[in-house]
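Colleague: What would the 3D arrangement of this be:
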Amino acid sequence: MVAKKKAGTPSRKRGYHHGDLRNALIDAALAEISSNGAHSLSLREVARRAGVSHAASYRHFRSKEDLLAAIAEQGFMMLSQALQSALDQHPEDAVAALNASGVAYVEFGVGHPEHLQVMFGGIFGGFDQWPSLQKAAQHAYELLRGSVRKTLESGTLHGDEETIAVAAWSLVHGLTQLIAGGELKRGRQSPRGLAQTVTALLVKGLRVKS
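Modeller: Take a look at the predicted model:
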């Protein structure tokens with residue numbers, strides 16, 4: 001299994017002195033989530049890890065939920081970058097692009113388990129209170145759905161776009177959660193290999209028969 005990516009603990013007060021307290025708090029929160037999980041996160045402990053006063057954290061985050069929303073938004077933006085990069089590698093091959101996006105999704109989640117907890121853990125309710133978070137999440141999903149749309153337009157696959165997009169998302173997300181959560185122990189295949197196999201199975205089942 002790919003080694004779990006640890007969020008580094010920022011040097012005390014480094015972020016504050018550099019005038020980047022917001023990111024220092026996010027880094028400290030990720031380190032805290034790595035150690036103790038997202039559900040137990042507190043602004044007081046995050047401020048302590050960042051080397052600032054509890055009151056200082058309120059300059060950027062009014063509540064723990066605001067901080068978690070910022071982490072989730074960062075995660076969706078990183079996921080979108082990973083998906084876009086994968087899609088750009090196969091501009092002329094819709095099926096290869098779909099496969100690559102599935103692999104990119106799994107590798108992102110396995111490499112960033114702290115973000116994954118916050119993005120999909122239902123820890124702070126719906127995203128509608130944070131429009132920029134909602135937009136970031138929608139953009140990531142649209143990239144995945146767009147890769148499905150291209151396979152349908154190419155005539156390679158057949159079916160309903162929304163249904164296939166949800167099926168593809170469910171497959172790669174479920175695999176990601178199993179690997180990142182440790183429920184799926186490493187076998188003969190790496191997470192990347194498993195993602196390639198699982199995505200290929202979906203494509204095979206939906207491929208238009210000649």
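
Colleague: Counting neighbours, what do you get for the closest residue to Asn99 other than its chain neighbours?
Modeller: Nearest non-adjacent residue to Asn99, counting by CB to CB, 6 or more residues apart in numbering: Thr199, 4.8 Å away. Every C-beta, even on glycine, is put in place using the N, C-alpha and C of the backbone. A count of nearby residues for Thr199, using other CB atoms under 10 Å, gives 23.

Colleague: Now do the longest helix belonging to the chain: which elements does it pack against?
Modeller: Longest helix in the chain, counting residues (DSSP state H): helix 64-88. Other elements packing on helix 64-88 under the criterion 3 or more CB pairs under 8 Å, 6 or more residues apart in numbering; DSSP states H and E are helix 21-36, helix 43-50, helix 94-111, helix 113-120, helix 131-153.

Colleague: Buried residues, that helix. List them.
Modeller: Neighbour counts over helix 64-88 (16 or more other CB atoms under 10 Å) mark 64, 66-80, 82-84, 86-87 as buried.

Colleague: Next, the angle helix 94-111 makes with it.
Modeller: Angle of helix 64-88 versus helix 94-111, following axes from the mean of the first three to the mean of the last three CA atoms, to 10 degrees, is 150 degrees.

Colleague: Run the chain-centre distance for helix 64-88.
Modeller: 6 Å (CA atoms, centre = their mean, to the nearest Å).

Colleague: Dump the helices and strands packed on helix 64-88 into a markdown table; add mean pLDDT and distance to Thr176 as well.
Modeller: Below are those laid out as a markdown table (pLDDT from 0 to 100; distance: least, CB to CB, whole Å):
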| stretch | mean pLDDT | distance to Thr176 |
| --- | --- | --- |
| helix 21-36 | 94 | 17 |
| helix 43-50 | 92 | 26 |
| helix 94-111 | 94 | 4 |
| helix 113-120 | 95 | 7 |
| helix 131-153 | 95 | 13 |
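
Colleague: now for the ones you listed, which one comes closest to Ser57?
Modeller: helix 43-50 (4.5 Å; CB to CB).

Colleague: tell me which strands and helices the next helix or strand after that closest one is in contact with?
Modeller: Note on helix 43-50: by DSSP states H and E, the next helix or strand toward the C-terminus is helix 54-57. Helix 54-57 is packed against helix 43-50, with contacts defined by 3+ CB pairs under 8 Å, 6+ apart.

Colleague: Nothing else from me, thank you.
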